[in-house]
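Asker: Below are the sequence and a predicted model; questions follow.
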Amino acid sequence: MQAETGTVLEEAAASGEDAKRLDVINQVLEEIRPTLQRDGGDCRLVKVDGKKIMVSLSGACVMCKLSGMTLEGIQSRLVEELGEFVRVVPVMGGVPA
């Protein structure tokens, strides 16, 4: 992923379990990104705070009427892969809320 992911990975490096969890999150986002990019958009991991996963939508995704459904789809895949409930939260401009 991009440089921002390295920062997130460094924050989670203290715990092996956190690092594995972060790997799964990044893997799910990487699976979804090509579809978003084909439509002129993108999604980037900003921060993981417990069960809250903050992402930044960019490009065509910012003004898309279906961005809510995109976030729900990402959340659904993450819940499936992680085996736990998580909440995907969009943040503006990549700045955590």
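Answerer: Ah, there it is.

Asker: pLDDT weak spots in this structure?
Answerer: Scanning the chain for pLDDT under 70 picks out the ranges 1-15, 93-97.

Asker: Flag every buried residue along the helix ranked longest in it.
Answerer: Criterion DSSP state H: the longest helix present in the chain is helix 16-38. If you call a residue buried by 16 or more other Cβ atoms under 10 Å, then helix 16-38 has these buried ones: 21-22, 25-26, 28-29, 32, 36. In short, each C-beta sits where N, CA and C put it, glycine included.

Asker: What of stretch 39-58?
Answerer: 41-48, 53-57.

Asker: Among those residues, which pair sits farthest apart?
Answerer: The largest separation in those, counting by Cβ to Cβ, is between Gly41 and Val48 at 21.3 Å.

Asker: downstream neighbour of the longest helix of the chain in the secondary structure list?
Answerer: Next along the chain after helix 16-38, taking DSSP states H and E as the criterion, comes strand 41-49.

Asker: quick one, that following strand and helix 16-38 angle?
Answerer: Compare the direction of strand 41-49 with that of helix 16-38 by axes from the mean of the first three to the mean of the last three Cα atoms, to 10 degrees and you get 160 degrees.

Asker: let's number from 4 now, not from 1
Answerer: Got it, first residue is 4 now, which makes that one strand 44-52.

Asker: Please convert the buried residues of stretch 42-61 to a markdown table, extending it with distance to Arg80.
Answerer: Shown next, in a markdown table, are these (distance: Cβ to Cβ, whole Å):
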| residue | distance to Arg80 |
| --- | --- |
| Gly44 | 17 |
| Asp45 | 16 |
| Cys46 | 12 |
| Arg47 | 16 |
| Leu48 | 13 |
| Val49 | 17 |
| Lys50 | 18 |
| Val51 | 15 |
| Ile56 | 11 |
| Met57 | 16 |
| Val58 | 12 |
| Ser59 | 18 |
| Leu60 | 16 |
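
Asker: I am finished for the moment; much appreciated.
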